[in-house]
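*Asks:* Got a predicted model here, sequence first, then my questions.
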Amino acid sequence: GAVLGGQIGAGMDEQDRRLAELTSQRALEATPSGTSVEWRNPDNGNHGYVTPNKTYRNSTGQYCREYTQTVVIG
């Protein structure tokens, strides 16, 4: 799955991480490239977006996706 690290990950609580992970999974598995999927934690206002950018097959034939993830803390 998608990984959030560094200072951004440290500013997120467990609910934020869960919402971000579920949204990432949904976006990468079922969302057309160029379309953003948003998550929002109503308890603290943290939110973010996942935007798949490109879908391709790697050298072994597996599907892969490049994506952009934006997280807003506070």
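*Replies:* Looks like it arrived, so ask away. Numbering: from 1, shown residues only.
*Asks:* For the residue most central in space within the chain, give me phi and psi.
*Replies:* Centroid check for the chain by CA atoms, centre = their mean gives Ser24 as the closest residue, at 3.5 Å. Main-chain dihedrals, Ser24, degrees, to the nearest 10: phi -60, psi -50.
*Asks:* Would you mind measuring from it to Ser59?
*Replies:* From Ser24 across to Ser59, the span is 24 Å (CB to CB, to the nearest Å). Every residue, glycine included, has its C-beta placed from N, CA and C.
*Asks:* Tell me if I'm right that Asp16 and Asn46 touch.
*Replies:* Yes. Assessed by CB atoms under 8 Å, Asp16 is found in contact with Asn46 at 4.9 Å.
*Asks:* Residues that sit against both of the two, list them.
*Replies:* When contacts are counted by CB atoms under 8 Å, 6 or more residues apart in numbering, Asp16 and Asn46 have Val71 as shared neighbours.
*Asks:* Between those two, which has more neighbouring residues?
*Replies:* Higher neighbour count among Asp16 and Asn46: Asp16, with 23 against 20, using other CB atoms under 10 Å.
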